[in-house]
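Participant: Sequence and predicted model, in that order:
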Amino acid sequence: MEASAGGGCGAGPPLLLSDGEQQCYSELFARCAGTVSGGPGSGPPEAARVAPGTTTTAAAGPVADLFRASQLPSETLHQITELCGAKRAGYFGPTQFYVALKLIAAAQSGLPVRTESIKCELPLPRFVMSKSDGERRIGNPAELLGTKVQIPYLTTEKNSFKRMDDEDKQETQSPTMSPLASPPSSPPHYQRVSLSHGYSKLRSSTEQMHPAPYEARQPLGQSEGPSSGGPGSKPLRRQASLIRSFSVERELQDNSSNYLDEPWRITEEQREYYVNQFRSLQPDPSSFISGSVAKNFFTKSKLSIPELSYIWELSDADCDGALTLPEFCAAFHLIVARKNGYPLPEGLPPTLQPEYLQAAFPKPKWECALFDSYSESMSANQQPRDLNRMEKTSVKDMADFPAPTQDVTGDDKQALKSTGNEALSKDVSEDPATAKDCTSLKARPRSRSYSSTSIEEAMKRGEDPPTPPPRPQKTHSRAASLDLNKVFQPSVPAVNSGLLPPPPALPPRPYPSQSEPVSEGDLHPQLNRAPSQAAESSPAKKDAPHAQPPSKPIRRKFRPENQSTENQEPSTGGTASAATVKPHPTVHKQSSKQKKAIQTAIRKNKEANAVLARLNSELQQQLKEVHQERIALENQLEQLRPVTVL
Amino acid sequence: MAVCIAVIAKENYPLYIRSTPSENELKFHYMVHTSLDVVDEKISAMGKALVDQRELYLGLLYPTEDYKVYGYVTNSKVKFVMVVDSSNTALRDNEIRSMFRKLHNSYTDVMCNPFYNPGDRIQSRAFDNMVTSMMIQVC
């Protein structure tokens, strides 16, 4: 028996169990394992006896309850679990369980917890939570159990329901979880009240993960109670009371831990933390972490290697040796849970499934996907929003604004769209390509992208980006001075020709108030010349800052000139200025109002232009960086590809 | 039904061996051990050809009166040995092949786990579950 069980479960100290011990242990094991392997249907004792050597594992939850029921101090329980090998194996197989029970017996007899101590004859371990082996509660144990279990359900339905479900989720609990000793068997009412009270604090609404096992457990309990009479009722009662004690400790632990309701549900802040950690390992949140990187990272958590191996097995859903963001979050969450003492589940909980995580938190992925490895995704996202807003305002104000500025915004829009499309198309192309790579069983949301980025796609993507830059560059080089150039079109030839035309335009106006504007009009071309020269001399980055300062002085100049209408002439477009010069002497008042309006419009447009130009330049920078990174990654891919083929 | 399934490392030590518990396990261990000779024989016989041409599935290694032993070797010289009850005449070669393929896939998944060091005993639960299913299902 033990050998067969040991064969499958790894090394354990050889056990010699007497018949009584054997029976007791197998019953207990069946109790603990039966709740997991499916209560309805076959009775657990039979199942346990039929296949004792199969790797049925005892659910660590009931096991933990059992151990605590032995009323041993928690350190002893820790030692026992370590010795029996459950920690190493990560689960309670039959051998581990039997060894643990034997050690509990030894500890209860006062022997030190050592492997040698179990070699001798020992009394049966005593579990006190409900009743010891010899005692029987008077009355109908099954009904009592049923009522006990049901009353909490009735008193505060939601709370107790959630608590029960919580227990169901944490049914696989190892004794390492709680430093608290098992509470004495206080009256059930007291415990119930405290439990529901405590849980009402913790519980928000939850939809339940495992109501089914609980219900399965309950009818099982009920059916077993009347059927098996004494022996059956005792472990059931023990289990129910263990459940209660377990939930008390669970509540206290919950208070101490960060989890709100279910331990397997990732909260927002946890999610943020995981994503940040992911980013620290791998800047691109839409890519994945390789196995070795993840291994180094998770080994820091100081969990044992088998546990980490098991966590990896749970979380790497597509078994590709790499963790995507949801997989990483799931793994991290499991590690955190384990470190807080929660036992590892048998299977990946639904709230940790990659699809669920992706569905629950799609936004960060999408945003980051849109701007690939650009870490300031938030700022980048704001920029297009600002861009759109600016575009809208500029469109509104642009009544008679010259066409080139509109072209600029159009270019910006197109550049943005192209980057967006590229990023999206890249994701899209990655997904079907990765879907094609599904050779093995499970669906891979994002599996080996090594082969996904085929050469043609890389080439295509490599081709697409270069085309936008030339276009913006043309505007970009003049972006700073764009407004100035377009706006001060007469001044450009003025720059070239030595500022002659604008000043001559001013004097013909026979307005006394225009003496000031004249002088300021002289200043204007100089200002225009300076920024335009500056703009032309400094390409790329400097255009943006240069765009700002030139426009500012102009704006400042504009404000005092706001009242004066003639100052619009050098600032307006060539056509407008030419048009306004002549009617000025004739219809001053009307044109002044018009000019005021035009002036404000022009000012706003210039501001918009400046902002757009700056944004454009920044986006261009981002584009270039992204291209470089992509090229670097593609090179890496090329280098790595022959290695992955085994 | 597969009565015993074993995964043997390149150095011919077992990475994973499991049998149905009803039998005397030691007998199966011996059978697997002796079958390793046959596996080596088959590998060397084919070894003259290029490795690519060598088929992974080795087929029936040797029959005894009660059992048949099938073998499969991967490109990294990891061997899978399966002992099957002879009374199961319904088991066809294709089924055995598919079982080995599943084994190989599960083994690959175990390998993908970065915490698994090649040469360690296989303690993956997923692998265990798969083997259990194989041992129970093919009746």
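Facilitator: That came through fine.

Participant: OK, contacts around residue 107?
Facilitator: In the absence of a named chain, chain A is used. By CB atoms under 8 Å, 6 or more residues apart in numbering or on different chains, the residues touching A:Ala107 are A:70, A:72, A:76, A:80, A:113. C-beta: built from backbone N, CA, C; applies to glycine.

Participant: that's the other chain; I wanted chain B
Facilitator: When contacts are counted by CB under 8 Å, 6+ apart, B:Tyr107 touches B:7, B:74, B:78, B:80, B:122, B:127.

Participant: farthest pair in those residues?
Facilitator: Spanning the widest gap among the contacts of B:Tyr107 are B:Thr74 and B:Phe127, at 14.5 Å by CB to CB.

Participant: Comparing these two, which residue is more hemmed in?
Facilitator: In this view B:Thr74 and B:Phe127 are compared by other CB atoms under 10 Å in any protein chain shown, and B:Phe127 has more residues nearby, 21 against 17.

Participant: gap between that one and chain A?
Facilitator: Using CB to the nearest CB, to the nearest Å, B:Phe127 is found at 9 Å from chain A.

Participant: residue contacts, that residue?
Facilitator: Listed by CB under 8 Å, 6+ apart, the contact set of B:Phe127 reads B:16, B:106-107, B:109-110.

Participant: what does A:Tyr356 give?
Facilitator: Contacts here follow CB under 8 Å, 6+ apart; on that basis A:Tyr356 touches A:326, A:350.

Participant: Just confirm it is within a helix.
Facilitator: Yes. Under the criterion used here (DSSP: H, G, I helix; E, B strand; the rest coil), A:Tyr356 sits inside a helix.

Participant: so how far is chain B from it?
Facilitator: As judged by CB to the nearest CB, A:Tyr356 and chain B stand 20 Å apart.

Participant: can you check A:Leu303 too?
Facilitator: Per CB to the nearest CB, A:Leu303 is found 10 Å from chain B.

Participant: returning to that earlier point: from the contacts of A:Ala107, which single one is nearest A:Val626?
Facilitator: A:Ile80 (56.0 Å).

Participant: Verify the contact between the closest one and A:Phe67 for me.
Facilitator: Yes. At 7.1 Å, A:Ile80 counts as touching A:Phe67 under the criterion of CB atoms under 8 Å.

Participant: could the contacts of B:Tyr107 go into TSV alongside pLDDT and distance to A:Arg603?
Facilitator: As requested, the contacts of B:Tyr107 are arranged in TSV below (pLDDT from 0 to 100; distance: CB to CB, whole Å):
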residue	pLDDT	distance to A:Arg603
B:Val7	91	78
B:Thr74	88	74
B:Val78	89	76
B:Phe80	90	79
B:Ile122	86	74
B:Phe127	88	72
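
Participant: Comparing A:Ile80 and A:Phe67, which shows the higher neighbour count?
Facilitator: Of the pair A:Ile80 and A:Phe67, A:Phe67 is the one with more neighbours under other CB under 10 Å, namely 29 against 24.

Participant: A strand includes the more buried one, no?
Facilitator: No. Following the definition three-state DSSP, A:Phe67 is helix and is not counted among the residues of a strand.

Participant: List the contacts of it.
Facilitator: Taking CB under 8 Å, 6+ apart as the contact definition, A:Phe67 lies against A:77, A:80-81, A:100, A:104, A:175.

Participant: Most neighbours among those residues, please name it.
Facilitator: Result: A:Ala100 is most packed of the contacts of A:Phe67 (other CB under 10 Å), 30 neighbours.

Participant: mind checking the backbone torsions on that one?
Facilitator: A:Ala100 adopts backbone torsions of phi -60, psi -40, taken as degrees, to the nearest 10.

Participant: hmm, back to that, I'd like the contacts of B:Tyr107 laid out as CSV, including distance to A:Glu355 and secondary structure.
Facilitator: Below are the contacts of B:Tyr107 laid out as CSV (distance: CB to CB, whole Å; DSSP: H, G, I helix; E, B strand; the rest coil):
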residue, distance to A:Glu355, secondary structure
B:Val7, 31, strand
B:Thr74, 31, coil
B:Val78, 33, coil
B:Phe80, 32, strand
B:Ile122, 28, coil
B:Phe127, 24, helix
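
Participant: Within the helices and strands, which one has B:Leu58?
Facilitator: Remark: B:Leu58 resides in strand B:57-63, with elements defined by DSSP states H and E.

Participant: Buried residues in the helix or strand harbouring B:Ser106, which are they?
Facilitator: Element membership for B:Ser106, per DSSP H and E: helix B:93-112. By neighbour count, and taking 16 or more other CB atoms under 10 Å in any protein chain shown as the criterion, the buried residues in helix B:93-112 are B:96, B:99-100, B:103-104, B:106-107, B:109-112.

Participant: Could you check the angle it makes with strand B:57-63?
Facilitator: Between helix B:93-112 and strand B:57-63, the angle comes out at 110 degrees (axes from the mean of the first three to the mean of the last three CA atoms, to 10 degrees).

Participant: Could you list every helix and strand in contact with whatever helix or strand A:Ser617 lives in?
Facilitator: Following DSSP H and E, one finds A:Ser617 within helix A:588-644. Here helix A:588-644 touches helix A:377-397, helix A:403-436, helix A:455-463, helix A:470-477, helix A:479-487, helix A:543-558, helix A:568-571, helix A:574-581, going by 3 or more CB pairs under 8 Å, 6 or more residues apart in numbering or on different chains; DSSP states H and E.

Participant: If anything else comes up later, I'll come back, but that's it for now.
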